[in-house]
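**Q** turn this into a model:
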Amino acid sequence: IVDAALLLGNAPEAERAAQWMLDLRDRDARSLTRAAAVREHLKDLSGARDLLMAAYQTTSTSDTHPRAAILTSAARLAWK
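**A** Reported below is the predicted structural model:
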């Protein structure tokens, strides 16, 4: 829902959906990365970075692909 709302340009709906995910699972990497996408869309890059780093911390070290994806997103933010 978050991704669809962002693609449709409906930031308020994306925020509601991301908050709903965080309310259900606030320490889940998927919830945190979707919330980071909303923060980035709203030009809150430091907030997005903080959420991505929280997602990275909650992801198991054995989950190398998700951790790499999170770090890639964080690096992309750094370039902005």
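**Q** so who does the residue most central in space within the chain touch?
**A** Centrality entry for the chain: nearest residue to the mean C-alpha point is Thr33, 2.1 Å, by C-alpha atoms, centre = their mean. With C-beta atoms under 8 Å, 6 or more residues apart in numbering as the criterion, the residues that contact Thr33 are 51-52, 55, 70, 73. Yep, even glycine has a C-beta here, placed from its N, CA and C like the rest.
**Q** other residues contacting the longest helix seen in the chain?
**A** Secondary structure of the chain per DSSP state H: the longest helix is helix 64-79. Outside helix 64-79, the residues within contact range by C-beta under 8 Å, 6+ apart are 29, 33, 36, 40, 45, 48-49, 52-53, 55-56, 59, 61.
**Q** how about stretch 41-54?
**A** Here stretch 41-54 has contacts from 6, 11, 14-15, 32-33, 35-37, 39-40, 70, 73-74, 77-78, 80, using C-beta under 8 Å, 6+ apart.
**Q** which members of those residues are classed as buried?
**A** Taking 16 or more other C-beta atoms under 10 Å as the criterion, what is buried in the contacts of stretch 41-54 is 6, 14-15, 32-33, 35-37, 39-40, 70, 73-74, 77.
**Q** that'll do, ta.
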